[in-house]
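In: No letters, just coordinates:
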């Protein structure tokens, strides 16, 4: 067993490897870590690169994959890529779920039954505050998309990112996700992290390597400590959570990350509940 | 094109130890863009260029002369001061920095041979002339020649690196160079 595999089994190293499929997004949320928007440079990983990383990740002993962006589903080839990835390791893909028009829905159908979870962002139980943060019409599109995805046989989770959420809002949000067919186990609430555009809006909690799970994150710019690492501030990529520029062979960043993790006191990353 | 020199607040995880004592200088701040390279390069560079079995003064003759031959502004400026600190005279430092032959300025035969050998290694192509290698054998043992060759090689790498990236000389270095009449 490789040192990375041992560390994953022992829980020293998280089992999931994240892939930043692209940085552009159809939305421009005010707390976005990567300042993503329709104008952002794509900085894509190719499908071939993602599949090769996934293959190496499995061989090294990692146990899951995450795909994030930007909005991954802006890429027309994403459903096919997800299916290839899911043949290698289970996948969770993060999406704003606002792009699933009829033609895109048809391309999603093959995902049903595959080990793929879709994590959809929904921040508030009503459109006013939700859409203030995420853009006009976001709420309506999301509450329409979620039952459609579930009906299609796709496993859906909801992620709520909140600077501060009143108890009443939290209760109503949970009622809403249950009505939409999402169990409590598939609803996560996490804080806004003060990186990227959140800094401009004076939002979020400060989070560095000690606060973040060390989930190896592969981007077109290098390998990072966490999916909260490759953030962008005023158009400049942050380097403070860069592990290596080398992304392949994956053993290079994985070994470096493991060395860094082994030098960190245990349990530090559980304080802020950043997942 | 000017590459971004990584500031302390942006220092990647593997690079942070190099920022622990303040400004690490532009070579580290540039290499921090590629932290996996930094963490292997700096120990090697440090071990090669730092005082060792070879006397500090001898190493600085090699470093400064190589930098002069390759016309690396950053390395010449920085190592002019290090060379003074290592015991070279101002006249010796001045001679090593210039393209003209520097060996005649030095009294010891070993120094003169070394400078001619550096000129051949850093400025020439192929193996240095046999007569020069024979002369080196009179003054230096095998392991010393090996180490001196490594010093020239690492210095040449740094010369090209610093010149290509146009790394800036620190203001305090420029001020002291002016005070020493070496600006």
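Out: That came through fine. Just so it is clear, the structure is predicted and the values come from calculations on it, not from any experiment.
In: use CA for all of it now, contacts and neighbours both
Out: Fine.
In: Can you say which helix or strand has residue A:218 in it?
Out: Element membership of residue A:218 [criterion: DSSP states H and E] is strand A:217-219.
In: and that strand, what does it pack onto?
Out: On a contact count with 3 or more C-alpha pairs under 8 Å, 6 or more residues apart in numbering or on different chains; DSSP states H and E, strand A:217-219 meets strand A:16-20, strand A:222-224.
In: so which of the ones you listed comes closest to chain B?
Out: Each of these was checked against chain B via C-alpha to the nearest C-alpha, and the shortest separation belongs to strand A:222-224, namely 9.2 Å.
In: Direction included, what does that closest one pair up with?
Out: Strand A:222-224 has the following sheet partners, assigned by DSSP bridges: strand A:217-219 (antiparallel), strand A:242-244 (antiparallel).
In: Any chance of JSON lines for those strands, columns distance to residue B:62 and mean pLDDT?
Out: Written out in JSON lines, the entries for the strands paired with strand A:222-224 read as follows (distance: least, C-alpha to C-alpha, whole Å; pLDDT from 0 to 100):
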{"stretch": "strand A:217-219", "distance to residue B:62": "42", "mean pLDDT": "98"}
{"stretch": "strand A:242-244", "distance to residue B:62": "33", "mean pLDDT": "97"}
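In: Show me the strands in chain A, by range?
Out: A:16-20, A:64-68, A:91-95, A:116-121, A:155-162, A:187-191, A:217-219, A:222-224, A:232-233, A:236-237, A:242-244 (DSSP state E).
In: Mean neighbour count, these: which tops it?
Out: Of the strands of chain A, the one with the most neighbours on average (mean count of other C-alpha atoms under 10 Å in any protein chain shown) is strand A:242-244, at a mean of 30.
In: Tell me, how many residues neighbour residue 69?
Out: This is for chain A. Taking other C-alpha atoms under 10 Å in any protein chain shown as the criterion, the count of residues near residue A:69 is 26.
In: Correction: the question concerned chain B.
Out: The number of residues packed near residue B:69 is 23, by other C-alpha under 10 Å.
In: picking that back up, include distance to residue A:203 when you put the strands paired with strand A:222-224 into a markdown table, please.
Out: Supplementary listing: the strands paired with strand A:222-224 in a markdown table, determined by distance: least, C-alpha to C-alpha, whole Å:
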| stretch | distance to residue A:203 |
| --- | --- |
| strand A:217-219 | 24 |
| strand A:242-244 | 23 |
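In: Those strands: which one's closest to residue B:81?
Out: Residue B:81 sits nearest to strand A:242-244 of all these, at 34.1 Å, using C-alpha to C-alpha.
In: For the stretch 151-275 of chain A, which residue gets nearest to chain B?
Out: Among the residues of the stretch 151-275 of chain A, residue A:240 lies closest to chain B, at 4.3 Å counting by C-alpha to the nearest C-alpha.
In: Residues in contact with the strand holding residue A:218: which ones?
Out: Outside strand A:217-219, the residues that touch it by C-alpha atoms under 8 Å, 6 or more residues apart in numbering or on different chains are A:17-21, A:44-45, A:223-227, A:229-230, A:247.
In: from those, which two are the most distant?
Out: The most widely separated members of these are A:44 and A:225, with 18.8 Å between them, by C-alpha to C-alpha.
In: Between those two, point out the one with more neighbours.
Out: Each of residue A:44 and residue A:225 has its neighbours counted (other C-alpha under 10 Å); residue A:225 has more, 29 against 21.
In: okay but that one is in contact with residue A:208, surely?
Out: No. Using C-alpha atoms under 8 Å, residue A:225 makes no contact with residue A:208, being 9.5 Å away.
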